[in-house]
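> no FASTA, just this:
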């Protein structure tokens with residue numbers, strides 16, 4: 001199975017490549033006033049406004065570094081209602097892939113909904129990130145909860 005790797009700080013993380021629609025350069029993201037820090041803003045993708053979240057903010061509590069290797073990983077996020085929504089993940093050092101059998105990933109010993117098992121190679125650990133478990137409930141609700149109909 002193919003994984004897209006990204007790095008935050010010194011730690012490597014893996015996304016199931018089947019969940020990735022595109023890897024984009026760090027395009028202009030329009031910030032949303034008063035949005036929580038995890039929400040980087042919105043960007044235009046093929047004529048559609050797409051929300052973007054900052055993985056560094058969610059996983060490390062600090063904004064992503066704006067470098068050449070920082071990318072927007074476009075995924076199809078499955079909300080609780082079963083609908084899928086395009087979502088941009090701002091991720092640092094998104095420059096490589098990893099081919100691994102999912103059975104090679106083992107429990108990390110720490111149970112967090114969005115962080116799955118880990119695989120080891122010559123460069124150390126890579127932790128599997130569960131895209132559909134990634135968003136904290138308040139962020140998920142702000143992005144995907146439908147307003148009541150009047």
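Right, received. Where do you want to start? Computed from a predicted model, the values in this text were never measured in an experiment.
> Give me the buried positions along the one helix or strand in the chain whose mean pLDDT sits lowest.
Within the chain, no helix or strand scores below strand 115-121, which has a mean of 79 by mean pLDDT, DSSP states H and E. For strand 115-121, burial by neighbour count (16 or more other CB atoms under 10 Å) applies to 115, 116, 117, 118, 119. C-beta: built from backbone N, CA, C; applies to glycine.
> And stretch 52-64, by the same measure?
In stretch 52-64, residues buried by neighbour count (16+ other CB under 10 Å) are 52, 53, 54, 55, 56, 57, 58, 59, 64.
> Let me see the mean pLDDT of it.
Stretch 52-64 carries an average pLDDT of 89.
> rewinding a little: and the buried residues of strand 115-121, which two are furthest apart?
115 and 119 (12.9 Å; CB to CB).
> Now the common contact residues for the two.
residue 128 (CB atoms under 8 Å, 6 or more residues apart in numbering).
> Now name the helix or strand holding residue 5.
Using DSSP states H and E, residue 5 sits in strand 2-8.
> Partner strands of that strand, with direction?
strand 11-16 (antiparallel), strand 96-99 (antiparallel) (DSSP bridges).
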